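Colleague: Sequence first, predicted coordinates after that:
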Amino acid sequence: MPQHSAITMYTTEVCPYCLRAKALLKSRGVNAIDEIRVDRDPTARAAMIERTGRRTVPQIFIGDAHIGGCDDLMALDQRGGLLPLLQRQPAQD
């Protein structure tokens, strides 16, 4: 089974879009997501806003590429771009 790029996702506990994005990634073979909970850590929220220019969750990164939110992730998958991006570089330990 191919290794996947490292996934980082800024989330909150009760976000339905976060759950939907995680479910899509898992259905595409992603086993590990580095989840940063911005509802627990105000400094993480500030870092997310600075890094992405966005205030909403989820904010998803595959490797260093900012994918955007759940709708962006789903659109990428529908265009056939998600799997190649996931398989582009091995996950980092």
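Modeller: Good, I have the coordinates.

Colleague: what bits of the chain have low per-residue confidence?
Modeller: Along the chain, segments meeting pLDDT under 70 span 1-4, 89-93.

Colleague: Need the three-state assignment for the residue nearest the centre of it.
Modeller: The residue lying closest to the centre of the chain (Cα atoms, centre = their mean) is residue 60, at 2.7 Å. With DSSP: H, G, I helix; E, B strand; the rest coil as the basis, the three-state label of residue 60 is strand.

Colleague: mind listing what it touches?
Modeller: By Cβ atoms under 8 Å, 6 or more residues apart in numbering, the contact list for residue 60 reads 7-10, 21, 66-70, 72-73. Bear in mind the C-beta positions are built from the backbone N, C-alpha and C, glycine included.

Colleague: Which ones among these map onto strands?
Modeller: 7-10, 66-68 (DSSP state E).

Colleague: of the residues you listed, buried ones?
Modeller: Buried residues within these, counting neighbours by 16 or more other Cβ atoms under 10 Å: 7-10, 67-68.

Colleague: Nearest to residue 27, out of these: which one, please.
Modeller: Nearest to residue 27 among these: residue 7, at 13.2 Å, using Cβ to Cβ.
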